[in-house]
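A.B. asks: next comes the sequence, and after it the predicted model I'd like to discuss.
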Amino acid sequence: MTLDLVSRRSWGAREPRGSYDRLTSTKGVKIHYTGGHVDPATLADHGQCVAAVRGIQGGHMNGNGWMDVGYSLLVCSHRKVFVGRGLHRIPAANGPGLNSGHYAVLGLVGTSGVTEPPDAMLHGIRDAIEYLRDEGGAGKEIKGHRDGYATSCPGGPLYAWVKRGAPRPVGSGSASDSIIKEEDDVPEIVSLGAGRDQAVPAGGVLAVRWHTEFVDDVKGHGADGAAVLAPGSRWVLCDALVKLRGLPPGAEVDVAWSRYDRDGKTFEDDAWALTFTADPAGRVEASVGGQFALDTSNQLRLKILNPGPNEVTVEKVTMAKIAMFKR
């Protein structure tokens, strides 16, 4: 078996909110798809696959309120197997009362865009199944999400393959057949922290300044203390955990990753801003992520927008993790 496993660190996964329930063995595996639109760019650009996986995790955590991405493993069109919840952990994607019975494996296809699983993806799903059997105690069953739960998942083409017994396609489907270069899968990590108080003026904006470099192999931390710079054309995936104080209870504040021109005077991508509401003590703990295309003409900043009448203190940025992938 060829297993090309993408670790959580490699795809820039957010930390789970809590502890996983233990899973020692299962009847087998249930196969899923994303539903909705899957960008055909994922077929040619593995950076888009990484961005899609990050988006799925964000939807599960921010939209569904789950502690983590719901799948055990996720597979893209380049025969890459992304670690979701991983081995010996109960997934959340199979449906109430059904998660302890099967691991959950997602194929990155949907109802529009990419709807037919490429051979390399089918090989990758088989790789994932065998890995779960060998290392995770998975039983012999291979079923679709719709088996036992009222859903159209995993879609017609993928479910038809499951019903045929999930056979490997003819041909190797090896990683060497992929159009993505292996070195493009390896992330360049910039990991920063802000441990000193910084003030966001009433009705104003602050670009957070970094005081600590935990990791900066690519020298991606700008000299002005606030910017993150790419050493060329990169896909950039980022997360930060921000702690604020000094807000009136119930007041709102926006936190966003934003892409600026290199001169630092103009910015865009405010669509990534998330609004958070202060607790009764006037505090906010905000987790915010984003995904961007950067090159040497622009930069990335973590921005706090304070529309209220009180000055707000940035107490800490526990960690900002930025994973860069070659475009």
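C.D. replies: Yep, that arrived. Numbers count the residues shown, from 1 in each chain.
A.B. asks: report the helix or strand with the lowest average pLDDT across this structure.
C.D. replies: strand 267-268 (a mean of 67; mean pLDDT, DSSP states H and E).
A.B. asks: tell me which strands the helix or strand that it is followed by pairs with, and in which orientation.
C.D. replies: Per DSSP states H and E, strand 267-268 leads on to strand 274-277 as the next helix or strand towards the C-terminus. Strand 274-277 has the following sheet partners, assigned by DSSP bridges: strand 252-261 (antiparallel).
A.B. asks: how about the CA coordinates for the partner strand, as PDB?
C.D. replies: Provided in PDB are the C-alpha atoms of strand 252-261 (Å, rounded to 0.1, in the frame of the first residue of the first chain):
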ATOM      1  CA  GLU A 252     -18.900  43.800  19.600                       C
ATOM      2  CA  VAL A 253     -15.400  43.800  18.100                       C
ATOM      3  CA  ASP A 254     -14.100  42.500  14.700                       C
ATOM      4  CA  VAL A 255     -11.000  40.400  14.200                       C
ATOM      5  CA  ALA A 256      -9.600  39.700  10.800                       C
ATOM      6  CA  TRP A 257      -6.600  38.600   8.800                       C
ATOM      7  CA  SER A 258      -6.200  41.100   6.000                       C
ATOM      8  CA  ARG A 259      -4.000  41.400   3.000                       C
ATOM      9  CA  TYR A 260      -2.200  44.700   2.600                       C
ATOM     10  CA  ASP A 261      -0.200  46.200  -0.200                       C
END
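A.B. asks: helix, strand, or coil at the residue nearest to the spatial centre of the chain?
C.D. replies: When C-alpha atoms, centre = their mean is applied to the chain, the residue found nearest the centroid is residue 54 (1.8 Å). Judged by DSSP: H, G, I helix; E, B strand; the rest coil, the three-state class of residue 54 is helix.
A.B. asks: now do the contacts for it.
C.D. replies: By C-beta atoms under 8 Å, 6 or more residues apart in numbering, residue 54 lies in contact with 11, 12, 13, 237, 289, 291. Placement of C-beta: from N, CA and C, glycine included.
A.B. asks: tell me how far stretch 140-157 lies from the chain's centre.
C.D. replies: 24 Å (C-alpha atoms, centre = their mean, to the nearest Å).
A.B. asks: no wait, stretch 208-217
C.D. replies: 21 Å.
A.B. asks: how far away is the nearest residue to residue 149 once chain neighbours are set aside from residue 70?
C.D. replies: Using C-beta to C-beta, 6 or more residues apart in numbering and skipping the chain neighbours, the partner closest in space to residue 149 is residue 95 (3.9 Å). Residue 95 sits 10 Å away from residue 70, going by C-beta to C-beta, to the nearest Å.
A.B. asks: and what of residue 157?
C.D. replies: 22 Å.
A.B. asks: and if you look at residue 49?
C.D. replies: Residue 49 is 18 Å from residue 70, by C-beta to C-beta.
A.B. asks: just want to know which of these two has more residues nearby.
C.D. replies: Remark: of residue 49 and residue 70, residue 49 carries more neighbours, 27 against 23, as counted by other C-beta atoms under 10 Å.
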